[in-house]
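Peer 1: Below is the structure, and that's it, no one-letter string:
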């Protein structure tokens, strides 16, 4: 059976100038205006914009997928080189050629309930998760520093360099899970073996960047089963990697 990881491919964009002093002068309001929305995440010198596919109704294995689980894309800006407003304009032009909603969705009056033992999930995964649009999300950064063309890629989470895991409740303590592991080459096969031996399907393996050090691979996955059982399997896979654990 063919699987899909994302409707819109994820992307990381590094922008602006080489000097920290000039980076502080970036008019982020103009970047927001060019891309058509405010940044969903602002962390350090990174501004990240989300593009959820709230217009789509997608099911997989009988599960209606929430946009926060796997339907959408994002772009992140970090001061480095290039004109941020021109790049934001180019991204907006590219998005306009698709059916991706260009108007930001209105936030819900109340967040959907996460019908899972999130405290247990936090303990098993080893980091604190957060609720977002009916999905309980984790970001697990690597312990080793990552650079792109000589620039340290920090903070890792907003730049898409932390292993991302989402749990969407499906009833009775079960959850649909997906996300992507951020892996060094020697970690790929051990993680594949661990996931598959625990009933988690590997749905994609690819690269997201060109000149990062160390070279990284991104592995997407899918399962729908008891949430705590899946969390233990994911933790076992994370233990095959140089991932942080609090």
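Peer 2: Received the coordinates, thanks. These numbers come from a predicted model, not from an experiment. Residues are numbered from 1 along each chain as shown.
Peer 1: Next one: residue 239 relative to residue 135, how far apart?
Peer 2: Distance of residue 239 to residue 135, computed by Cβ to Cβ, to the nearest Å: 24 Å. Using the backbone N, CA and C atoms, a C-beta is placed for each residue, glycine as well.
Peer 1: Out of these two, name the residue with the larger neighbour count.
Peer 2: Shown here are residue 239 and residue 135; by other Cβ atoms under 10 Å, residue 135 has more neighbours (25 against 13).
Peer 1: Look at the residue nearest to residue 223 when sequence neighbours are not counted and report its pLDDT.
Peer 2: Excluding the flanking residues, the one nearest residue 223 by Cβ to Cβ, 6 or more residues apart in numbering is residue 200, at 4.3 Å. Residue 200 is assigned 98 on the pLDDT scale.
Peer 1: Same question for the one 4 residues further on.
Peer 2: Confidence per residue is given as pLDDT, and for residue 204 that number is 97.
Peer 1: Listing partners with orientation, what would you give for the helix or strand hosting it?
Peer 2: Using DSSP states H and E, residue 204 sits in strand 201-206. Sheet pairing of strand 201-206 (DSSP bridges) gives strand 217-226 (antiparallel).
Peer 1: if we can go back for a sec, which residues are in contact with the strand holding residue 204?
Peer 2: Strand 201-206 is contacted from outside by 3-5, 178, 180, 188, 192, 195-196, 217-223, using Cβ atoms under 8 Å, 6 or more residues apart in numbering.
Peer 1: residues of that strand that come out buried?
Peer 2: By 16 or more other Cβ atoms under 10 Å, the buried positions in strand 201-206 come out as 202, 203, 205.
Peer 1: before we move on, what about stretch 96-104?
Peer 2: residue 100.
Peer 1: What of stretch 237-246?
Peer 2: Going by neighbour count (16+ other Cβ under 10 Å), the buried part of stretch 237-246 is 237, 238, 240, 241, 243, 244.
Peer 1: where does the residue nearest to residue 136 when sequence neighbours are not counted fall, phi/psi-wise?
Peer 2: Nearest non-adjacent residue to residue 136, counting by Cβ to Cβ, 6+ apart: residue 167, 4.5 Å away. Residue 167 adopts backbone torsions of phi -110, psi 120, taken as degrees, to the nearest 10.
Peer 1: quick one on the thing from earlier: what subset of the contacts of strand 201-206 is buried?
Peer 2: Buried among these (16+ other Cβ under 10 Å): 5, 178, 180, 188, 192, 195, 217-223.
Peer 1: Which of those residues sits closest to residue 80?
Peer 2: Here the nearest of the buried ones among the contacts of strand 201-206 to residue 80, counting by Cβ to Cβ, is residue 218; it sits at 20.8 Å.
Peer 1: how far away is that closest one from residue 192?
Peer 2: Distance of residue 218 to residue 192, given as Cβ to Cβ: 13 Å.
Peer 1: One more: residue 60?
Peer 2: Counting by Cβ to Cβ, the gap from residue 60 to residue 192 is 20 Å.
Peer 1: do residue 98 as well
Peer 2: The value you get for residue 98 to residue 192, if Cβ to Cβ is used, is 32 Å.
Peer 1: Let me see the contact set for the nearest residue to residue 241 once chain neighbours are set aside.
Peer 2: Take residue 241 and drop its neighbours on the chain: the residue closest to it by Cβ to Cβ, 6+ apart is residue 187, 4.8 Å away. Taking Cβ under 8 Å, 6+ apart as the contact definition, residue 187 lies against 181, 240, 241, 242.
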